[in-house]
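1. here's my sequence, what's the structure:
(chains A and B)
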Amino acid sequence: MKLRTVFLAPGSIVMLGLFFLPLLIVLAYSFLSRGAYGGVTLPWTAESYSRIFDPLYLAILWRSVWIAAVSTALCLVLAFPLALYIARAGARKTLLLNLVMLPFWTSFLIRTYAWMFLLRDTGLVNTLLQSLHVISAPMPLLFNTGAVILGLVYGYLPFMVLPLYATLEKLDPALLDAAADLGASPAVAIWRVVVPISRPGMIAGCLLVFIPCLGAYLTPDLMGGGKTVMIGNLVQNQFTTARDWPFGAAISLLLMAMVLLVMRALGDKGEELL
Amino acid sequence: MKPFLPVYACAAYLFLYLPLLALGAFSFNNSKIAVWQGFSLAWYNGVFHNSALLEGTLHSLVIAVVATVAATSIGTLAAYALWKKRVAWLTGSLYLSLLSPEIVTGVSLLVFFQWMFHFLRLQLGLHTVILAHISFCLAYVVIVILARLRTFDRSLEEAALDLGANEWQAFRYVTAPLLLPGIVAAALLCFTVSFDDYVITSLVAGVNSETLPMIIYAMARKGVSPEVNALSVMITVGLGTLVLISGRLERQR
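-> So this is what the prediction gives:
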């Protein structure tokens, strides 16, 4: 046997056994009926899929797409000037970029918790503003859709900065000089020269942020206080409280299909990650 | 435009770090409420006397260490084989596993384990968490090691083969030692990702296998406790250090 085959075997077994097989079972379960105490039972049916079109669930799907889109747009607007600054920072580039990535690699849960600490009724922001007599009663900063979007933007901003930086870094500064020489103001130069050149980075960044936002579970759960239900929360709920596994399986696959669609749009650019 | 960018960048870094710094500062607060009442280490002391937290830490460490060793070994071999020759389905599925929503990975593993237990008399527990972590850590390992292999000079291995080494010897004595910093970097990253995971873990954990993130989650839902602040600071500093070491190793040539 060739060495390469031997080396490939354990990884292939893990991916087949612990990734594809579980997804296949989810696929099978999505076509079964709901068991009395969770789990599934016969007969085979496509009822779970037709239930997705219930207005209640369509509203959750629409909300997820909408929240993910708004978060992605905010990330793009916030990340662009930052990426531009880092790309032009000379020797400090790597340091500045790592400073963006560092919080990302530490605990996502703790970063979410930090925002809860700030935004709660008894949190730092409300306490501070009250002691300064700016407000008399706590403002409802947490447990709403705005807080969920804030959490997502905070969580996935690095995913936008990274690809933007990669394209902006390759930008030839002479192009900006040329634009200036030809009479463009700095703002016009950015809009007409820098933005078009960095389009591939923007597209990659948007998709990389949109995918995790669409499937978000923890952020809506904690920052939204369970009031802003997204697809991820719906899935979790079907497997725990609601005990409707076939329906949970069907929504999981729907979510997976949406991710695959976005991934296809990302195409080979995404595979370069690997 | 000139003064705008630096000012904006400062604001952006504040946005990224201020929540964590505020949390860190108030972990030393001598009070339960978010008003500064003086310096205290009481909450840190509290963490070390909270048996549930200590047990959770132990579980998280066991899971992270076992998953890291397994995923790093399997991933290193896979990355090496993929570097030799691309295997489209495996690269594609690693990529897919990296991008699939955690909640979907979690429920699919939950469903899989429950289905398996029809045939085996087993229950959810640390072992199921470890298997789940090996599965989702694998993609990270392969990415880090493949990235390092791409900068690797193939002629070194060819030289070893010309000089009479067999394929295994060329890997064992030439490629693997040169790859070591990348392998360590991948392992540290793997440890971080595993230690931190909540969503997948909470779905496949058994009754007696609560991990640290699961406890933090439960406490965060109940309300802010300064003990969680203190714990968060320790975890963030610990994981941050690992990430910094990992990054340094990755760049090392």
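
2. you'd agree residue B:17 is up against residue A:106?
-> No: Residue B:17 is not in contact with residue A:106 according to Cβ atoms under 8 Å; the separation is 11.2 Å. For every residue, glycine as well, the C-beta is placed using N, CA and C.

3. of the two, which one has the most company?
-> Using other Cβ atoms under 10 Å in any protein chain shown as the criterion, residue B:17 and residue A:106 rank with residue A:106 on top: 22 against 15.

4. now do the contacts for that one.
-> B:192, B:196, B:235, B:236, B:239, B:240, B:243 (Cβ atoms under 8 Å, 6 or more residues apart in numbering or on different chains).

5. repeat for residue A:8
-> B:77, B:78, B:81, B:82, B:87, B:90.

6. of all the residues you listed, which comes closest to chain A?
-> Set against chain A, the nearest of the contacts of residue A:8 by Cβ to the nearest Cβ is residue B:78 (3.1 Å).

7. close enough to count as contact, the closest one and residue A:7?
-> Yes: using Cβ under 8 Å, residue B:78 makes contact with residue A:7 at a distance of 6.7 Å.

8. more neighbours, those two?
-> Per other Cβ under 10 Å, whichever of residue B:78 and residue A:7 has more neighbours is residue B:78, with 27 against 22.

9. skip the chain neighbours and tell me the closest residue to the more buried one.
-> Distance criterion Cβ to Cβ, 6 or more residues apart in numbering or on different chains; nearest residue to residue B:78, sequence neighbours excluded, is residue A:11 at 3.1 Å.

10. would the one you found count as being in a helix?
-> Yes: counting by DSSP: H, G, I helix; E, B strand; the rest coil, residue A:11 is located in a helix.

11. per-residue confidence for the residue of the stretch 151-274 of chain A found nearest chain B?
-> Proximity to chain B, evaluated over the stretch 151-274 of chain A using Cβ to the nearest Cβ, is greatest for residue A:215 at 2.5 Å. Per-residue pLDDT puts residue A:215 at 89.

12. where does chain B have its least confident helix or strand?
-> Every helix and strand of chain B was ranked by mean pLDDT, DSSP states H and E. The lowest is helix B:42-48, at a mean of 79.

13. in that one, which residues are buried?
-> Residues of helix B:42-48 classed as buried: B:43, B:44, B:47 (neighbour count, 16 or more other Cβ atoms under 10 Å in any protein chain shown).

14. would you list these in CSV and tack on distance to residue B:140?
-> Listed next are these as CSV, based on distance: Cβ to Cβ, whole Å:
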residue, distance to residue B:140
B:43, 32
B:44, 31
B:47, 28
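
15. out of those residues, which is nearest to chain A?
-> Chain A lies nearest to residue B:43 out of these, by Cβ to the nearest Cβ, at 12.8 Å.

16. am I right that the closest one is in contact with residue B:27?
-> Yes: applying Cβ under 8 Å as the test, residue B:43 and residue B:27 come out as touching, 5.8 Å apart.

17. would you mind listing the residues touching both of those two?
-> Common neighbours of residue B:43 and residue B:27, using Cβ under 8 Å, 6+ apart, are B:226, B:229, B:230.

18. so what's the last one up against?
-> Spelled out, it's residue B:230. B:27, B:43, B:44, B:46, B:47.

19. secondary structure class for it?
-> Residue B:230 ends up helix, using three-state DSSP.

20. distance of it from residue B:43?
-> Plainly put, residue B:230 is 4 Å away from residue B:43 if you go by Cβ to Cβ, to the nearest Å.
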